[in-house]
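Participant: My questions are about this predicted structure, shown below with the sequence.
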Amino acid sequence: MNSPGLVEIAVFAPLNRTFTYQWPEWLGEARLGMRVCVPFGRSRRSGVVWETTITRADNTLEFKSVLDRTDAHPLYDGRRMQWLKRACCYYVAAPGECAETAFAWAGTEEKRRWHCADVAAFALMDKELAQAFSHRKTLSTTTLRKKLPTAGLYHRLRQAAEAGHLVEALNRNKKEGIKKVPFLSEAVPEQLFPAQQQALDEINHTSGFSPFLLFGCTGSGKTEVYLRAARQRVDAGEQVLILVPEIGLTPQWLARLTTRFNRVAVWHSGLSDTMRLQVRQDLSDIEVLVGTRSALFLPLPRCSMIVVDEEHDTSFKQQHGMHYHARDMAVLLAQELDIPVILGSATPSLESWRQAGDGRYQLLELPERIAPHPAPAVETVDMRSIETVLSDPMLALLQDTKERGLQSILYLNRRGYAPALMCTACGDVPECPACTFRLTLHRQKRILRCHGCGFARPAPLICEHCGEDALLPLGEGTEKVEEQLAALLPGLRMARLDRDAVRSETQLIRVLKDFASGHLDCLVGTQMLVKGHHFPNVVLVGVVNADLGLGLPDFRAGERWWQQITQVVGRTGRGKHPGRIMVQTRNPGASWLSRIGDAQARDTLDTELSLRKTLDYPPFARWVRIVFSATRSASAMQMAERVAEACIAYLPDIVQCTGPMPCAIEKIAMRYRFELILRDATRKHLPWKLAPLLLRITAFPGVRMRVDVDPMDMM
Ligand code: ADP
Ligand code: ZN
C-alpha cells in the first residue's frame with residue numbers, strides 16, 4: 001500500500017540506490033524533480049526527489065526527515081524526469097550521480113545572492129528573514145545561513161522570491177554578454193539549393209518524434225538547413241536546442257545565430273557564474289540555445305526541435321560520472337518530448353548510419369558542395385626516405401599558397417614538441433611515474449608532460465639514466481611543426497591552434513579573427529581546428545602525419561581516423577578557389593588512405609558497417625565495458641574476477657564476457673586498470689539485465705568500478 005509522507009531521494013553521491021525520507025508537511029507539496037537537502041550519515045547532502053509514491057509493506061520503520069527544499073518548482077516536468085530515469089537505467093548509472101549531472105546547470109545554492117528592495121514589506125511575510133536584510137540589501141545564502149536557522153532556509157528564500165520580496169542578484173560589477181564575433185558571420189543565402197530545400201521540407205513537414213540523419217558532405221550547407229528549420233520553430237513561438245561537440249565551435253555558431261535570431265544563448269563549461277545565472281533566468285525567453293553536451297540538461301520549456309551537429313564526434317560521450325552519450329540522450333529526449341531531432345554530419349557514426357539504413361532514422365542527403373568546383377584529389381607524399389617533419393613538396397605548396405594571397409591549414413593531431421624524449425646513448429625514455437605513458441616534450445615551456453594525467457616536470461638537459469648529453473626528441477608534435485615552419489618559411493605568418501597555445505575563448509576568438517581577416521597565412525593545429533570551421537580562403541590542407549591514429553588497439557580506430565581526416569580535408573576549397581589536399585605518410589599503400597574525402601563516404605560507411613556485422617561488433621552487438629582501477633593492482637584484478645564470475649553466472653548465455661584483462665593503458669594516475677567487456681549480440685539483454693546484478697556487488701576496498709555502456713573509448 002502507498003505510504004503517505006515518504007519520498008525516495010536520489011542523493012548526490014555515486015551510490016547505486018535511492019534513499020527513503022520522511023517529507024515534513026511544512027515544506028509544502030513533495031514533487032518529482034525538486035532538489036532537497038537531507039541528513040546523510042553525519043552530514044547534509046543535496047539530492048532530488050526521485051519518487052513520491054512509495055509503497056512500503058512495513059510502515060513501522062522510522063525515516064529521517066528531509067531538511068529543506070532548494071526549489072520552488074520542480075526543475076524537470078514529468079516527461080523530462082521520465083527521460084532522466086530511462087537514461088539512468090540505460091547507462092546503469094547511480095541515480096544520485098545521474099541527477100547531479102542533470103541538475104548541475106541549476107547551480108549550487110550557497111553561491112546565490114539575494115536582493116531585498118523593501119525590507120518593511122518583506123517583514124510582514126517573514127520577519128526574521130527580512131531583518132537580516134536591514135543593513136545590507138544584498139546577501140548571499142552563505143551569509144544568511146550564518147544568521148538564521150539552517151533547516152528550511154532555502155524553502156523560506158524560495159517562498160520570499162515567489163512572493164516578490166527577494167530577487168536573485170546578478171553580480172552587477174561584471175556586466176557580461178555573449179561575445180560578438182561579426183568577423184565569423186556569413187551572408188545569409190537568398191535561396192536554398194534543391195537538395196537543401198528538399199531536406200528542409202522533410203523536416204518542416206513532420207510532427208511528433210522524428211529522427212533525421214542529415215548526411216551532407218563538408219561544405220554542403222547543412223548549417224543553412226538547421227538554421228531555416230529553427231526559423232520556422234522560432235516563428236511559431238517555440239525553442240530550438242543545438243548541440244555542438246566542442247566549446248571551440250560556439251563562437252562560429254554564435255556568429256551565425258545572432259545575425260538571424262534575437263534571443264540566442266550559449267551554454268558550456270567555460271561560462272562564468274554570471275552568464276550561467278543569466279541563461280537560467282532567461283530560459284523561457286531563449287529562442288535558440290547552442291551548447292556542448294551539458295546544454296542537453298537545460299529544460300527549455302517550449303523546446304520543439306533538437307539539432308546535434310557533427311553527431312559522429314566522440315566528445316559527445318561523457319567519460320566520467322554517468323558515461324552518457326549526448327547524441328543518444330538527445331534522441332531519447334526528442335522521443336519523450338515528441339519532437340524532431342536532426343543529427344548532422346559529413347562523416348556519420350556507424351551507429352547512426354545503421355539506424356538510417358534500417359529506416360529508423362530518416363536519411364536526408366546533401367551530396368554536393370556549395371563551392372563550384374569538384375572535390376580535390378588527395379596528393380600523397382611518401383615520407384619513408386625523408387627525415388624532416390615537412391617534405392619539400394609540402395613546403396613548396398605552402399609558399400605558393402601564401403604568394404597567391406591564399407591560406408593553408410596544417411593538421412597534426414599531436415600536441416607538444418615531441419611525443420617522447422630518448423637518450424641515444426643508453427636508449428632510456430622518460431615515462432610518467434603514474435601512468436603507462438611516455439612523457440611528451442613541450443619545448444617552449446621546457447617541460448615533460450604526461451598527456452594521461454597532466455603530470456609535468458622540467459625537461460632534463462642530460463640523460464637522467466646514464467648522464468650523457470645525448471637526448472633526442474622522437475617523433476613530432478604541433479610545436480615542432482611550428483618551429484620548422486618558422487625556420488624554413490620565415491615569411492609565413494602563422495599561428496598554432498591547440499589546447500596548449502589557445503587556452504581561453506578570448507584567445508580562440510583572437511586566432512580565428514586573425515585568420516578570417518587574412519592576417520595569417522597558415523594555421524597549424526590539432527583536432528581543435530578541424531571541427532566545423534568555414535574559411536573561404538583556405539585552399540590547402542596539409543596532413544603532417546596521416547599514419548597517426550591508425551593501428552590503435554581500438555576497433556573504432558579506423559572509423560575515427562577517417563572521420564578526422566575527412567573533416568580536416570573538408571576545410572579546403574570552400575570559397576571561390578579550388579582546393580588542394582596534401583597528405584604525408586610512411587605507409588602510402590594503406591587502404592584507408594584511398595578513403596579520404598567526401599566522395600568515398602558512402603562506400604566507406606557501407607564497407608565498414610558490413611565488416612562490423614561480420615565480426616558481431618557494435619553497432620550490431622551492444623557492448624558494456626567495466627573498468628576496475630586501484631592503486632593496488634591485485635585488488636582491482638580480484639574484484640574484476642569476482643564481477644566476471646557473477647556476470648557469467650547471472651547473465652544469459654548469449655551475453656559473452658571477455659576478461660578480466662589489463663586495459664590497453666594499464667595505469668593512469670597511479671591506478672592500475674583492468675577491464676571486462678560484456679557483449680550482447682542480440683542487443684536485448686544488455687544493459688538492462690546488468691543493473692540488478694551490479695546493485696548486489698560491494699566494491700572491494702580501494703577499488704573503483706566504472707560501467708561504460710556503448711563504450712567509445714576502448715583504451
Ligand atoms: P557544412 O555545415 O555542410 O559544412 P556550411 O553550412 O558551413 O556547410 O556551408 C558552407 C558555405 O556555403 C557557407 O558559407 C554558407 O553560408 C554557404 N551556403 C550554404 N547554403 C547556401 C546557399 N543555398 N546558397 C549560397 N551559399 C550557401
Ligand atoms: Zn601520467
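Facilitator: Cool, the structure landed. Residues are numbered from 1 along each chain as shown. Ligands and ions are numbered 1, 2, ... in the order given.

Participant: packing partners for the helix ranked longest in the chain?
Facilitator: Of all the segments of type helix in the chain, defined by DSSP state H, the longest one is helix 633-650. Judged by 3 or more CB pairs under 8 Å, 6 or more residues apart in numbering; DSSP states H and E, the packing partners of helix 633-650 are strand 622-630, strand 655-668, strand 671-680, helix 690-696. (Glycine included, C-beta is placed from N, CA and C.)

Participant: Out of the ones you listed, which gets nearest to R233?
Facilitator: strand 622-630 (33.2 Å; CB to CB).

Participant: which residues sit against the closest one?
Facilitator: 92, 636-637, 639-640, 643, 660, 663, 668, 671-680, 683, 686-687, 690, 700, 702-711, 714 (CB atoms under 8 Å, 6 or more residues apart in numbering).

Participant: Where does the prediction get shaky in the stretch 351-500 of the chain?
Facilitator: Judged against pLDDT under 70, the stretch 351-500 of the chain has no low-scoring part.

Participant: Quick one: the strands in it, in order.
Facilitator: Per DSSP state E, counting those that start in this stretch, the stretch 351-500 of the chain carries strands over the ranges 362-366, 378-382, 407-411, 420-423, 440-442, 447-449, 456-458, 471-474, 494-497.

Participant: Of those strands, flag the one that's most buried.
Facilitator: strand 407-411 (a mean of 26; mean count of other CB atoms under 10 Å).

Participant: do you know how far F122 is from D680?
Facilitator: F122 sits 59 Å away from D680, going by CB to CB, to the nearest Å.

Participant: Could I get the contacting residues of G291?
Facilitator: Here G291 is in contact with L241, I242, L243, V244, T250, V266, W267, H268, L298 (CB under 8 Å, 6+ apart).

Participant: what about 10 Å?
Facilitator: By CB atoms under 10 Å, 6 or more residues apart in numbering, the contact list for G291 reads 105, 241-244, 247, 250, 253, 265-269, 271, 279, 297-298, 326.

Participant: Leaving out chain neighbours, which residue sits closest to it?
Facilitator: Of all residues not flanking G291 in the chain, W267 sits nearest, at 3.4 Å (CB to CB, 6 or more residues apart in numbering).

Participant: Next one, pLDDT for that neighbour please.
Facilitator: What the model reports as pLDDT for W267 is 95.

Participant: Next: the one 10 residues further on.
Facilitator: According to the prediction, L277 has pLDDT 86.

Participant: Surely it is in a helix?
Facilitator: Yes. L277: assigned to a helix according to DSSP: H, G, I helix; E, B strand; the rest coil.

Participant: What is the neighbour count of it?
Facilitator: 19 (other CB atoms under 10 Å).

Participant: thinking it is in contact with G107, fair?
Facilitator: Yes. Using CB atoms under 10 Å, L277 makes contact with G107 at a distance of 7.1 Å.

Participant: what residues do these two have in common as contacts?
Facilitator: E168.

Participant: Quick check on the residue nearest to G291: phi, psi?
Facilitator: Backbone torsions of W267, given as degrees, to the nearest 10, read phi -140, psi 120.

Participant: cool, Q232 as well?
Facilitator: phi -60, psi -40.

Participant: residues contacting it?
Facilitator: Applying CB under 10 Å, 6+ apart, we find Q232 in contact with L200, I203, N204, E238, V240, S304, M305.
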